[in-house]
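J.: coords please:
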Amino acid sequence: MLEMITKTLWGSIMLPAMMILGFILLYRLQGGFVYRWKTIFRNTLGSSSGVGGVSPFSALCTALAGSIGVGNTVGVAAALIAGGPGALFWMWVAGIFGMGIKYAEVYLSVRYRNDRVGGGPMDLVMFALGLPAPAVVLGGVFILSSFGMGNLCQSGTAAISLGEAFGASPFLFSLILGALLLYVLWGGAKSVTTFTTLAIPVFSLLYCLFCLSLIVFHLSGLPQALERIFEGAWGIKEIGGGFSAALLSRATRTGFSRGLFSNEAGMGSTPLAYGMSEERNPEKAGMWGILEVCIDTLLICTLTGLALLVSGVAPPETGAAWTMEVFGMAGKGGEWFLAVSIGFFAFASMTAWGCYGQQAILWLGGNEKEKKAYICLFCLVSLWGAYGGEDNFFTISDVLNALVCLPNMVCLFLLSKEVSFPKAAKNQGKKQKTKPGRP
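T.: The predicted structure follows:
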């Protein structure tokens, strides 16, 4: 029953809606988020942070912690098995649409943010649409959602992967992760952003370098891998050539869904991270969202996919087995590195989602006592993941995520006309002549 609801919500409603919204934003913003990278870098990594509060860079790292997870490693392998090599091409396309959607939701959440605490999609429903009761319900659903995709799905995969790699009980690793999680979350948003700001750039870089080393080691297989990607993207069969509509459909559907889900574009979670930021300019905040999708999907997912395809290893039945076999080509250390990577990214995702849950509680009017109770419950629930049942966890999480994503997507459709991207420099110069005081 739940699986049927999930397929209906995501396959028939959410995914087509995201594709349509991506086209709309691509048109209305004149593709600025695709080619205006000089402007994007100047307003993100090339700008100063300001004074006090959570810096935009820390918000970016927290958002990346929430979105980078199992989907960027095992999830990419599963997508290539289900949709063929061409799925990676459609993940890139989904990444481009995702940049526009992410820019829009961050832009609007900063524009309509609550001065007391940024509530992301709840702020849009309450202040932009003027619907307080649905906003409160959405906040409650968001808290429930944090226990699913942001907790059980991550803790279970991490504990089992580490247990298998190091020959120990998954529950032992679950206890360790739970204790570390309690330590990080107990310090509040500042503690979480401090951890993610230090850890995410370093470990993401290490993971990318490891994938690059695998690609360089099998560099002779890169041309064939790229050929398989582009041929598979348009439904051309690997054996015997010829066009296959079924292959095209499978590659498109799998690539789009995995690409959009990996960076959480449109799901309303990331705006909560940027809601903590000191950045009050919607356009600049939105550009940090673009950078997040670029790193998550266009960089990390791409490197994972290429490392798998150039290896020459035939994909087995599961994505986990394929990634373990490919990373294991570097020896036992490669298997350990993959297990630690999955464990770290899952743990980082849990800290981010735990922070989002705290934000939702505070937005609903909760006090410090209620926030601490949520943290304790969040950490206790994480221990459950070691006992397995990932399929049920993911199914329930998909339903809860859809219930959060649906109202957020409605807001994005209704408010898309309010989203703007900075004009080109020559147009800015004209405006500055008539309005010299405007930046």
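
J.: any idea how far residue 305 is from residue 262?
T.: Distance, residue 262 to residue 305, by C-beta to C-beta, to the nearest Å: 11 Å. Using the backbone N, CA and C atoms, a C-beta is placed for each residue, glycine as well.

J.: list the residues that contact both of those two?
T.: Residues touching both residue 262 and residue 305 (C-beta atoms under 8 Å, 6 or more residues apart in numbering) are 76, 91.

J.: contacts only, for residue 213.
T.: By C-beta under 8 Å, 6+ apart, the neighbours of residue 213 are residue 330.

J.: pLDDT of the host helix or strand of it, averaged?
T.: If you go by DSSP states H and E, residue 213 is part of helix 188-217. For helix 188-217, mean pLDDT rounds to 92.

J.: just the buried residues of whichever helix or strand comes after it, please?
T.: Downstream of helix 188-217, the next assigned helix or strand under DSSP H and E is helix 222-233. Residues of helix 222-233 classed as buried: 225, 226, 228, 229, 231, 232, 233 (neighbour count, 16 or more other C-beta atoms under 10 Å).

J.: which one of these sits closest to residue 210?
T.: Distance to residue 210 across the buried residues of helix 222-233 (C-beta to C-beta) is lowest for residue 225, with 17.5 Å.

J.: give me phi/psi at the closest residue to residue 417 other than its chain neighbours?
T.: Leaving aside its chain neighbours, residue 417 sits nearest to residue 28 (7.2 Å; criterion: C-beta to C-beta, 6 or more residues apart in numbering). Dihedral pair for residue 28: phi -70, psi -30, per degrees, to the nearest 10.

J.: which helix in this protein runs the most residues?
T.: The helix spanning the most residues in the chain, taking DSSP state H as the definition, is helix 332-363.

J.: that one - what's its average pLDDT?
T.: Mean pLDDT, computed over helix 332-363, is 90.

J.: downstream neighbour of it in the secondary structure list?
T.: Counting by DSSP H and E, the next helix or strand C-terminal to helix 332-363 is helix 368-384.

J.: packing partners of that following helix?
T.: helix 132-147, helix 153-166, helix 170-186, helix 332-363 (3 or more C-beta pairs under 8 Å, 6 or more residues apart in numbering; DSSP states H and E).

J.: what sits against residue 105?
T.: Residue 105 sits in contact with 120, 121, 265, 266, 268, 270, 271, 289, 408, 412, where contact means C-beta under 8 Å, 6+ apart.

J.: ah, wrong one, I meant residue 265
T.: Contacts of residue 265 by C-beta under 8 Å, 6+ apart are 18, 97, 98, 99, 101, 102, 105, 293.

J.: 7 Å instead?
T.: Residue 265 makes contact with 98, 101, 102, 293, according to C-beta atoms under 7 Å, 6 or more residues apart in numbering.

J.: could you check the pLDDT of the first one?
T.: Yep, that's residue 98 we're talking about. Here the pLDDT value assigned to residue 98 is 89.

J.: how far away is it from residue 267?
T.: Distance from residue 98 to residue 267, counting by C-beta to C-beta: 10 Å.

J.: more crowded one of these two?
T.: The neighbour comparison of residue 98 against residue 267 (other C-beta atoms under 10 Å) goes to residue 98, with 32 against 27.

J.: what helix or strand does that one sit in?
T.: helix 86-111.

J.: elements contacting the helix or strand just after that helix?
T.: Sequence-wise, the next helix or strand downstream of helix 86-111 (DSSP H and E) is helix 121-123. Contact partners of helix 121-123 among helices and strands, from 3 or more C-beta pairs under 7 Å, 6 or more residues apart in numbering; DSSP states H and E: helix 132-147, helix 390-415.

J.: the inter-axis angle of the last one versus helix 332-363?
T.: Spelled out, it's helix 390-415. Helix 390-415 runs at 50 degrees relative to helix 332-363, counting by axes from the mean of the first three to the mean of the last three C-alpha atoms, to 10 degrees.

J.: run the angle between helix 390-415 and helix 368-384 for me.
T.: If you take the same axes, to 10 degrees, helix 390-415 sits at 130 degrees to helix 368-384.

J.: tilt between helix 390-415 and helix 153-166?
T.: Using the same axes, to 10 degrees, one finds that helix 390-415 and helix 153-166 are set 140 degrees apart in direction.

J.: now for helix 390-415, which elements pack on it?
T.: In this structure, helix 390-415 makes packing contacts with helix 2-6, helix 15-28, helix 86-111, helix 121-123, helix 132-147, helix 153-166, judged by 3+ C-beta pairs under 7 Å, 6+ apart.

J.: how close does residue 373 sit to residue 192?
T.: 17 Å.

J.: to clarify, my last question referred to residue 358.
T.: 9 Å.

J.: and if you look at residue 407?
T.: Taken as C-beta to C-beta, the span from residue 407 to residue 192 is 25 Å.

J.: who's more crowded, the two?
T.: Between residue 407 and residue 192, counted using other C-beta under 10 Å, the more crowded position is residue 192 (27 against 21).

J.: who touches the more buried one in this structure?
T.: Neighbouring residues of residue 192 by C-beta under 7 Å, 6+ apart: 62, 184, 185, 351, 352, 355.

J.: just residue 225 next, same as before
T.: 306, 309, 310.

J.: give me that answer again for 8 Å
T.: Residue 225 makes contact with 85, 306, 309, 310, according to C-beta under 8 Å, 6+ apart.

J.: what do you get for residue 310?
T.: By C-beta under 8 Å, 6+ apart, residue 310 lies in contact with 214, 215, 218, 219, 221, 222, 225.

J.: now distance to residue 387 too, for the residues you listed, in JSON lines please.
T.: JSON lines is the format used below for the contacts of residue 310 (distance: C-beta to C-beta, whole Å):
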{"residue": "214", "distance to residue 387": "33"}
{"residue": "215", "distance to residue 387": "37"}
{"residue": "218", "distance to residue 387": "38"}
{"residue": "219", "distance to residue 387": "43"}
{"residue": "221", "distance to residue 387": "40"}
{"residue": "222", "distance to residue 387": "41"}
{"residue": "225", "distance to residue 387": "38"}
